[in-house]
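Student: from the sequence below, what's the structure:
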Amino acid sequence: MGALAAMALARPARAAILPAADWDLFKSRFLAADGRIVDNGNGGISHSEGQGWGMIFAVAAGDKAAFDRIQDWTAEALRRPDDALHAWRWVPKDKPPVKDKNNATDGDIFIATGLARAGHQWGEPDRLQAAGAIAHDILRLLVQQAGPYTVLLPALQGFTTKDAVVVNPSYYTFPFLTELAGVVSSPVWAAVRADGLRLIDQGRFGPWNLPPDWMRIARSSGALTPAPNFPPRFSFDAVRVPLWLSWAGQAGTPAGVSIDRFWSSYPPGATPAWVDLRSNELAPYPLTPGMAAIMAVLRQSLGYPAPPLPPLAAAMKYYDAALVLLCRLALAQIAR
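Tutor: The predicted structure is shown next:
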C-alpha cells in the first residue's frame, strides 16, 4: 500500500476547480463546525455519502482546513471497527447516533475518492493509504458474482438472497471507480465497471426504457427486473446514473440516450422528477435544481443545446446543492 501511495504521489496535483463562492455557500448551509455535513432535507442526519462529497468538494476548492474537519468527524463517527468501511447514517436524535453499522457502498467510494484526491493534491501519503484501505475492502467485501455479472453490492448486508442480488445502478460511480483503480490495482475494477455499464444498459424498463433506482439480478439466469420492495421508479437515485455516465465519457450509451429522450420530451421547467416504470405514473412536481443540473450535463455531453446549470443559491436542500456542485466538477473535468 505504501509503495502504491508513493507512486501515485508522483502524479501532477489536481488544481482547485470549485469556485470559492460556491464552496463558501455550501459550507455555510451544510457544513457544521465539527466537520459533519448536515442533510437538511432529511431530518438533519448525516451519512457517508455526504461526508464523501464534502471531502471531494473541499479538495476541489483547495480548502485543506475544511477537509481535515470533515475527515476527522467521518473517521470518529462513522468508521466501522473491523474493516475500513463506514456506517452509512448518523442520526442526531438517536442514542447512540449510529444504530445501524451497515455501510453504503457509494458513500465509501466517495470517501475513498476524496482521500485519494487529497493525497494527490497536497502530497500526503497517509491520505492515499487511507483511500487504499477503503478501496481494498470494497473489492474484498462488496463485489460478488450474480449470473453473468460481476456486481457491486449496495452494502455489506441486506441485498443478497440465495436466489438474487439487488443492486443500485447509481452506485456505479464510473469516474471514481477508475480513480480508485489507480490507488489499488486489480482487474476486478475493470470487471465491475464493464458489468455496471451492461447492467445499466440491459436493465431498462417501462415505455421510456429507463434504469430503475433499484434492480434485481437473478443468480441463476441473470434476469433483470426492478427490485421488489422498492418503488419501480426512475427517481432520486437513478437520476445520478446520467451524471456518472457523462463524467466517464459514456453519455452516448443506450441508457444515456433514453434518459435524455425522456427528459427532453417535456417543456423546459415541466420535466417530472420521476416516472414509475410499471404504470408510467409521473411525479406531480418537476425536476429539482440538482436533477435539472444533471439534465444539463447530460445534454451538453451528448452535444445538444443545454441550459446553464442552476445557481447554487437556488438549491436550498443538501442533496440538490451537492448535485449542482458535482455537476460543476464533472463539466470542469470533461472540458480538460
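Student: show me what contacts the residue nearest to Ala321 when sequence neighbours are not counted?
Tutor: Leaving aside its chain neighbours, Ala321 sits nearest to Ala315 (4.0 Å; criterion: CB to CB, 6 or more residues apart in numbering). (C-beta placed from N, C-alpha, C; glycine too.) Each residue near Ala315 by CB atoms under 8 Å, 6 or more residues apart in numbering is listed here: 288-290, 321, 323-324.
Student: kindly report the same for Trp88.
Tutor: With contact set as CB under 8 Å, 6+ apart, Trp88 has these partners: 47-49, 78, 100, 102-104, 107, 155.
Student: pull the most distant pair out of those residues.
Tutor: Glu49 and Asp100 (14.4 Å; CB to CB).
Student: quick one, which of the two is more surrounded?
Tutor: When Glu49 and Asp100 are compared for neighbours, Glu49 comes out ahead with 23 against 13, by other CB atoms under 10 Å.
Student: that one and Asp106 touch, don't they?
Tutor: Yes - the pair Glu49 / Asp106 is scored as a contact, 6.0 Å apart, by CB atoms under 8 Å.
Student: all strands of the stretch 51-200 of the chain, in order?
Tutor: According to DSSP state E, counting those that start in this stretch, the stretch 51-200 of the chain carries its strands in the segments 89-90, 143-146, 149-152, 164-167.
Student: apart from its neighbours in sequence, what residue is nearest Gly252?
Tutor: Per CB to CB, 6+ apart, closest to Gly252 is Leu302, 6.4 Å.
Student: what does Ile217 give?
Tutor: Nearest to Ile217 is Ala146, by CB to CB, 6+ apart, at 4.3 Å.
Student: what bridges to that neighbour?
Tutor: On the basis of DSSP bridges, Ala146 is bridged to Tyr149.
Student: can you tell me the closest non-neighbouring residue to Pro307?
Tutor: Spatial nearest neighbour of Pro307, chain neighbours left out: Ala296 (5.3 Å); criterion: CB to CB, 6+ apart.
Student: equivalent analysis for Gly114, please.
Tutor: Closest residue in space to Gly114, ignoring its immediate chain neighbours: Met55 at 2.7 Å, by CB to CB, 6+ apart.
Student: avg pLDDT for the helix or strand hosting the residue nearest to Pro307?
Tutor: Using DSSP states H and E, Ala296 maps to helix 289-301. Averaged across helix 289-301, pLDDT comes to 98.
Student: cool, stretch 304-312 as well?
Tutor: Confidence over stretch 304-312 (mean pLDDT, whole number) is 93.
Student: just to check, Leu287 is in contact with Trp274?
Tutor: No - at 9.2 Å, Leu287 does not count as touching Trp274 under the criterion of CB under 8 Å.
Student: would you mind measuring from the residue nearest to Asp213 when sequence neighbours are not counted to Met291?
Tutor: Once flanking residues are discounted, Asp213 sits nearest to Asp237: 3.8 Å by CB to CB, 6+ apart. For Asp237, the distance to Met291 equals 11 Å [CB to CB, to the nearest Å].
Student: give me the more crowded residue out of those two.
Tutor: Met291 (26 against 20).
Student: got the contact list for the more buried one?
Tutor: So Met291 contacts 236, 239, 273, 320, 323 (CB under 8 Å, 6+ apart).
Student: from those residues, which two are the most distant?
Tutor: Greatest spatial distance in the contacts of Met291: Ala273 and Leu323, 12.4 Å, computed using CB to CB.
Student: who's more crowded, those two?
Tutor: Leu323 (27 against 18).
Student: can you mark which positions in the helix or strand harbouring that one are buried?
Tutor: Counting by DSSP H and E, the element that carries Leu323 is helix 318-334. Judged by neighbour count (16 or more other CB atoms under 10 Å), helix 318-334 contains these buried residues: 318-331, 334.
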